[in-house]
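Trainee: Curious how this folds, go ahead:
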Amino acid sequence: MRASIKDQLAIGAIRHLNAIGYLRAHGWERFGEASGRPFTVWHNAAHPKAEIIIPADRSVADYTLLFREALRELEAVENRSQLEILRDLYNSGFDIVRLASQSTRTADGTVDIEEGVLLFERARDTLYAAACSTVKPQAVFHSRRPQAANDYMRKARLGQTEQGSYVLTLLSPVAPQLTPHGDTDLFPEEPFERRVVQTLARSVRLAVDAAESSVTGADFSPFQEAVAGGVSANLCEGIAGLFAAADPASVELSISWALNRPTPNEVHSRILISSDVVPTLQEAARLFRVFDRIENYEIKGPVIKLQRDETASFGMVTVLALIEGRSRKITLALPDREYQTAVVAHHQHQYVRVVGTLAREGKSYRLENPVNFDLAPDDEDDVDEA
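Mentor: Numbers count the residues shown, from 1 in each chain. Below you'll find the predicted structure:
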C-alpha cells in the first residue's frame, strides 16, 4: 500500500503551470474551454475513465484539495507513488542537471561536510561558466560577468541531493512553450535558461573530448578550437574541481529536460567524466589564462616605477592596480608626453588611469596599445576593482 500525501504545505507548493506542463507531457489534453472558470479539466485518451482538475491559480479556494485529488488520480493511472509524482510535479518546469560523484567514499549517499561544500561551489562555477558562454563564448571570464549570466544564476536553484553515490542536483527554470513552432520559424530560439543547460552539456562534452585529443597529440589546439562551443578556463577549472571532493574515480553529468518544453535534439544528456582527464583540464585552464588578452581594459592606480633610456622616444611605466580583486603590477610603454604625465603622478603620489589590451606576463601583466593615459581625478584616488 502506497502512502498518501496529506501535508498541506507540500501539496500547496505545487505550481499549477508546472502541473499543466507535466500533464501535457504525459498525454493529457484539456477538455473544453477554461474561459471564466477557476480551473481546467484534463482527460487522457489512454485512460478514458480518468479526469484531473487543475486550479487556475492559488487564489482558488480549493487549491490544495484539488491537487490532492489530482495526486490520487495520477497515482492510480501511473501506478507510481504520490511522493515520486509530487517530486516530478515540482520539477516539471526545470531542466535538472545531476552531478553524481562516484567513489567508495560516497557509496552510501553521503559526503564529508568540507568536501560537500567544495562540490557545491565547483558545480556552481561550472554552471556559471556555461551561462557566461551562452552570452558570448570566450577563453576566460573575469570578475565582471555578463549581466544575463548574473541574472540567470539568481534564478537557478539547488535541488535535493539524491541517492546513488552522492548526487547533487541543479535546477534551471524554463518557461513553458505556449504555441507550436510555425512553418516560418525555421530556427526558433529557446529561452536563455534552456540554452544555458544546452551549452553546459555541449561544452562539458567538448572539454572531455579536447582533453583526450590533447593528450594523444600533446596539443593545446583542441581546447582553443572548442572555445566557440563554450569551453573556457572557468569551465575546465569547475569540472576539475568536482574531483577535489571525495576524490571520485568519475563524475557523471546527466540532464532531465523540463516537461513543459520539447526535449532538445542532438544534445548529450549523459556524460561520464573520468578522473584521468583532470590533469589535462587543469593544464588547459592554466594555458587559457596565460594566453588571455582583454581588450578595452581600464586600469587605475599609482605609478610605482619609471624606467627610460636617455635616447629612447618612450619610457616604461609600472602601475599598481587591481586585477580580479588582487593588486598586480602592470607595465606599459608610453611616448614622451604621456611619460611626463606619469612622472608627475609618481612625484605627486597621484593615481593614473589608462585603457588598453591587458595581457598576462608570468606573475605580472602588461598593457598593450595604451590610450587615454591621464591623471585620475582626485575623488578616484582609491584603487577600484578593474
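Trainee: Grab the longest strand from this protein for me.
Mentor: Ranked by residue count under DSSP state E, the longest strand found in the chain is strand 293-307.
Trainee: What is the subsequent helix or strand relative to it?
Mentor: Remark: after strand 293-307, the chain's next helix or strand is strand 314-323, criterion DSSP states H and E.
Trainee: Which residue ranges of the protein form strands?
Mentor: The residue ranges that make up the strands of the chain, judged by DSSP E, are 28-30, 39-44, 47-55, 94-102, 157-158, 166-173, 250-256, 270-274, 293-307, 314-323, 326-335, 351-361, 364-375.
Trainee: Quick check: mean pLDDT of the longest one?
Mentor: Confidence over strand 293-307, taken as the mean pLDDT, stands at 92.
Trainee: If I take that strand and strand 351-361, what angle do their directions form?
Mentor: Computed with axes from the mean of the first three to the mean of the last three C-alpha atoms, to 10 degrees, the direction of strand 293-307 lies at 120 degrees from that of strand 351-361.
Trainee: what's next to strand 293-307, contact-wise?
Mentor: Residues external to strand 293-307 that are found in contact with it (C-beta atoms under 8 Å, 6 or more residues apart in numbering): 142, 315-323, 329-330, 339, 342-343, 345-346, 349-359, 367-368, 376, 380, 383-384, 386. All C-beta atoms are positioned from the backbone trio N, CA, C, and that covers glycine.
Trainee: May I have the longest strand of the chain exported as CSV, CA atoms only?
Mentor: Once non-C-alpha atoms are left out, strand 293-307 reads as follows in CSV (Å, rounded to 0.1, in the frame of the first residue of the first chain):
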residue,chain,number,x,y,z
ARG,A,293,44.1,39.1,-23.5
ILE,A,294,41.4,41.5,-22.5
GLU,A,295,40.7,44.4,-24.9
ASN,A,296,39.5,47.9,-23.8
TYR,A,297,40.5,47.2,-20.2
GLU,A,298,40.9,50.2,-17.9
ILE,A,299,43.4,50.1,-15.1
LYS,A,300,43.7,52.7,-12.4
GLY,A,301,46.3,53.1,-9.6
PRO,A,302,49.6,54.7,-8.5
VAL,A,303,52.8,54.7,-10.6
ILE,A,304,55.3,52.7,-8.7
LYS,A,305,58.2,52.5,-11.2
LEU,A,306,59.6,54.6,-14.1
GLN,A,307,62.3,53.5,-16.5
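Trainee: What values do phi and psi take at Ile14?
Mentor: Here is the backbone geometry of Ile14 (degrees, to the nearest 10): phi -70, psi 130.
Trainee: thought it was touching Phe67?
Mentor: Yes: in this structure Ile14 lies within contact range of Phe67 using C-beta atoms under 8 Å: 5.2 Å.
Trainee: what about the helices in the stretch 101-250 of the chain?
Mentor: Assignment of helices within the stretch 101-250 of the chain using DSSP state H, counting those that start in this stretch yields the ranges 113-135, 147-155, 192-217, 221-225, 233-241.
Trainee: mind checking which of those helices is nearest His26?
Mentor: Using C-beta to C-beta as the criterion, the shortest distance between His26 and these is 20.1 Å, found for helix 192-217.
Trainee: Can I get the strands of the chain in TSV including mean neighbour count and distance to Ala233?
Mentor: Written out in TSV, the entries for the strands of the chain read as follows (neighbours: other C-beta atoms under 10 Å; distance: least, C-beta to C-beta, whole Å):
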stretch	mean neighbour count	distance to Ala233
strand 28-30	16	46
strand 39-44	18	48
strand 47-55	16	46
strand 94-102	21	20
strand 157-158	12	24
strand 166-173	22	21
strand 250-256	20	19
strand 270-274	15	17
strand 293-307	16	13
strand 314-323	20	15
strand 326-335	17	16
strand 351-361	19	11
strand 364-375	16	16
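Trainee: Of all those strands, which one comes closest to Glu84?
Mentor: Each of the strands of the chain was checked against Glu84 via C-beta to C-beta, and the shortest separation belongs to strand 250-256, namely 13.2 Å.
Trainee: Point out where the protein drops to low pLDDT.
Mentor: 1-2, 33-36, 178-188, 245-246, 379-386 (pLDDT under 70).
Trainee: For Val344, give its distance to Val355.
Mentor: Relative to Val355, Val344 is positioned 19 Å away (C-beta to C-beta, to the nearest Å).
Trainee: OK, contacts around Ala284?
Mentor: Ala284 neighbours (C-beta under 8 Å, 6+ apart): 207, 210-211, 214, 220, 223, 233, 236.
Trainee: With Asp276 as the reference, measure out to it.
Mentor: Computed as C-beta to C-beta, the Ala284 to Asp276 distance reads 14 Å.
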